[in-house]
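In: This is the structure alone, sequence omitted:
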């Protein structure tokens, strides 16, 4: 059902009205209130044009093409996003929906909106900054995640210096904003495998020194989610180089051994899935091997008693048994353990995304 | 005291220190006070350590959707934050509890139901307009808020959206992973998971079941196995608001009934709902064909709600329930 009746404006007029209203809203003088209302109405009309309303099918072809072209020419997307805070609550959602629809526009194999945004990366930077304002954080997040689906746009975001702000955003005290930021962060790091592995390799030191703070966070959800994401990243075969580097660092191993004893069972469990990669590594560097050897008895004992109530989780129990066996058989000089370890890592990478994360409720 | 319903349902402080907790009002919900204003609030605490990843995703969805909705008949979340592994969700305090509690033991009056159902439809019109299907419309998710007995819809952890990939879908096919507590209210087309899928009108069916729940003071199909319930729904059997028009009621042997049931049946036999209420519930909301169930906006102009327009000002759900201040 259209909220404000059928619009009789053509795409060109609609864009023009939105533009005029936005300028008035931006000025913030006494006309601003009326302009805010006009803006909301026109945004509804644009949304209805794109999505259809009630029994009206969405407009196709010419109208949408005109609309999109006008949006690019007028630079309206950036204007809307810059003024998102000044737009009414419902209209903010309409902006996001218009954006998300236009973004998906395709002509053959081309995505003209994606190409357009590549030439206007301010759109992405502004959206990322949106997490700093609670009244637009979730709207910005919804647009960002749509953008992250496109490799070209994900790349701009990953390589922007502002990307590192996500390490702050995922920890803000407002739970809904923090978890929205985390899902965008995760999307950027997992959606395009090759892109993200290149990014992680090139920025290994910066990235993981920041990531360390998430793993040590006093925020329970940050700690649990970042640990789980770390497991997913390391077990993804695209990130082989990154994994090798990560599991060669003894501080990382120490951290995982500490987290295995965390007071939270869920965190212990996620730590287990990172810890196992250190143990399964067929070519353990000496410092890693030394730590494991030094703690051999304790680790075997600890793992034997570790979360024994997960009797129905077959994969977990297999992996645990495998780790215990590996640790038991550790010898100071190691060269012949490669074959069996490879088997485990391939098994993990094929199932890492689904099965090992569905733990039963405690 | 009313919560601000217009521009800024701004976050209250995100810190446990800003609140004082009193007694539990539900499994996970406490009555609390916002210290800086003295305002009473409901504070739900969820132990995330006892929440698996799927459940955590549903908790997040609930918060995300609720925070993106703003309507006078939807319970807002005023603040959400963590205290160690406990998630605190702060909302207005609905001192009169849920419609389901109020309907026990033998149901509400037709007038009370019409208030509740009108408010629910108004919330449904709003969310359906945005392509959201609630998937858990039931008495328990309708909270009664003072001072005028406004009903607030809650329970968005079960909801889903038809907005997908920049398009508005005509129907969806995914079965909710947390449907179990709400099976008795769910529409047949949702439960049978057929190729046609379901859409916003499945909420209308659930509203029909809710009408029966509120009228009868008990949950339809509560005494059946889920498979029997499904079979009943698929063969077009439906519950209805029970009153003196119900012939079976008089043939029922009363010897085996408990005292409580006997009292309830006595109430049923001595009351008579209007034809409008019956047809609203049975012929429209519970229509077997999802395409023939009217949309929320159409139902709002049904004759069932005419009785509300004739009322004197000052009459509201609370005065009808005799809980007026």
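Out: Perfect, I can see it now. The structure presented is a predicted model; accordingly, all values stated were derived computationally and were not measured.
In: Which positions in the stretch 51-200 of chain A make contact with chain B?
Out: Within the stretch 51-200 of chain A, the positions lying close to chain B (C-beta under 8 Å from any C-beta of the partner chain) are A:51-52, A:58, A:89-90, A:93, A:97, A:100-104, A:134-135, A:138, A:146, A:173-176, A:179-180. Heads up, the C-betas are built off the backbone N, CA and C, glycines and all.
In: Lowest mean pLDDT among the helices and strands of chain A, which one is it?
Out: helix A:338-351 (a mean of 46; mean pLDDT, DSSP states H and E).
In: Which pLDDT does the model give the closest residue to chain A within the stretch 101-250 of chain B?
Out: Across the stretch 101-250 of chain B, no residue is closer to chain A than residue B:166, which sits at 4.0 Å (C-beta to the nearest C-beta). Listed pLDDT for residue B:166 reads 84.
In: packing partners for whatever helix or strand residue B:116 lives in?
Out: Using DSSP states H and E, residue B:116 sits in helix B:110-129. Judged by 3 or more C-beta pairs under 8 Å, 6 or more residues apart in numbering or on different chains; DSSP states H and E, helix B:110-129 is in contact with strand B:142-145, strand B:150-153, helix B:201-216, helix B:275-278, helix B:296-299, helix B:306-309, helix B:317-320.
In: Please state the offset of the helix or strand following that helix from the chain centre?
Out: Counting by DSSP H and E, the next helix or strand C-terminal to helix B:110-129 is strand B:132-133. Put simply, strand B:132-133 sits 14 Å off its chain's centre (C-alpha atoms, centre = their mean, to the nearest Å).
In: Likewise for stretch A:100-115?
Out: Worked out by C-alpha atoms, centre = their mean, stretch A:100-115 lies 22 Å from the chain centre.
In: One more: stretch A:112-123?
Out: That offset, for stretch A:112-123, works out to 20 Å (C-alpha atoms, centre = their mean).
In: Would you mark the buried spots in it?
Out: Neighbour counts over stretch A:112-123 (16 or more other C-beta atoms under 10 Å in any protein chain shown) mark A:112-114, A:116-118, A:123 as buried.
In: What backbone torsions are found at residue A:255?
Out: According to degrees, to the nearest 10, the main-chain angles of residue A:255 amount to phi -60, psi -40.
In: Just confirm residue A:139 contacts residue A:90, I think it does.
Out: No - counting by C-beta atoms under 8 Å, residue A:139 sits too far from residue A:90 to count as a contact (10.9 Å).
In: which of the two has more neighbours?
Out: Using other C-beta atoms under 10 Å in any protein chain shown, the more surrounded residue of residue A:139 and residue A:90 is residue A:139, with 27 against 18.
In: wait, what's in contact with that one?
Out: Residues in contact with residue A:139, defined by C-beta atoms under 8 Å, 6 or more residues apart in numbering or on different chains, are A:84, A:92-93, A:95-96, A:130.
In: Okay, and it sits in which element?
Out: Assigned by DSSP H and E, residue A:139 falls in helix A:137-148.
In: Quick one: mean pLDDT over the helix or strand that comes right after that helix.
Out: Moving toward the C-terminus from helix A:137-148, the next helix or strand (DSSP H and E) is helix A:151-159. Taken as a whole, helix A:151-159 has a mean pLDDT of 98.
In: What is the burial count for residue 239?
Out: Picked chain A for this. Look at residue A:239: counted by other C-beta under 10 Å, it has 22 neighbours.
In: I was after chain B.
Out: Neighbour tally, residue B:239, other C-beta under 10 Å: 23.
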